[in-house]
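# Just the structure for this:
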Amino acid sequence: MSDVTSATAGDLPAPAEGLLLTYFLTVGDVPRSRAFYADILSGTVVLEENPCIVKVANSWIIMNPGGGPTDDKPDVVLRTPEDPSTVSSFLNVRVADIRDFYTTASAKGAEFLTPPIDRRAELRCYMRDPDGYLIEVGQATGMLRGILARTDTEP
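Numbering: from 1, shown residues only. You can find the predicted model right below:
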């Protein structure tokens, strides 16, 4: 699908009232990133490019290549992450069965930092997308029974 006319109004992030939240990613290779979010997160491609929009569950991920300032953001340059060890934000994905998600996504080529780890309140692991963006994948467990995550000072 390459134009807006082939998408339905319900596919596009365009609320009739109020607001909705989307997540924008600067990507190095739109087709590669589009394929990752459509395949690994079972997204639906709403627009292929300019911008690429992938609907994932009840959210949208919008992707475009980086670039220099524009008239509406005159001092801002968009680029992919330079240092994967330093992160200021990340996508947080909640799943019903993290072990199934981990197994399925790994088989499709997703690269995880660790397998799912029990954090008391949740089972959690992290993966990276093709540009190095960090994605947290979590399944609520203990928090559903009032058990909170350990703090950094707890054993």
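# Nearest spatial neighbour of the residue nearest the centre of the chain, chain-adjacent residues omitted?
Nearest to the mean C-alpha position of the chain, by Cα atoms, centre = their mean, lies Leu91 at 4.4 Å. Leaving aside its sequence neighbours, Leu91 sits nearest to Ile135 (Cβ to Cβ, 6 or more residues apart in numbering; 4.7 Å). C-beta here means a position set from N, CA and C on the backbone, and glycine is covered the same way.
# quick check, that neighbour in a strand?
Yes - under DSSP: H, G, I helix; E, B strand; the rest coil, Ile135 falls within a strand.
# pLDDT weak spots in this structure?
Residue ranges of the chain with pLDDT under 70: 1-9, 152-155.
# rerun at 90
Counting by pLDDT under 90, the ranges of the chain that qualify are 1-11, 14-16, 142-155.
# Please enumerate the helices of it.
30-39, 98-107 (DSSP state H).
# how far away is Arg99 from Leu148?
Using Cβ to Cβ, to the nearest Å, Arg99 is found at 22 Å from Leu148.
# that older thread, list the residues that contact the residue nearest to the centre of the chain.
Shown in contact with Leu91 (Cβ atoms under 8 Å, 6 or more residues apart in numbering): Tyr23, Ile61, Tyr133, Leu134, Ile135, Glu136.
# Which residues are in contact with the first one?
Right, the one you point to is Tyr23. Ser59, Trp60, Ile61, Ile62, Leu91.
# ok, now the fourth one?
For Leu134, the contacting residues are Pro84, Val87, Phe90, Leu91, Tyr126, Met127, Arg128, by Cβ under 8 Å, 6+ apart.
# Can you tell me which of those residues has the most neighbours?
Ranked by neighbour count (other Cβ atoms under 10 Å), these have Met127 at the top, with 22 neighbours.
# Is that residue in contact with Thr114, as I believe?
No - using Cβ atoms under 8 Å, Met127 is not in contact with Thr114; the gap is 9.7 Å.
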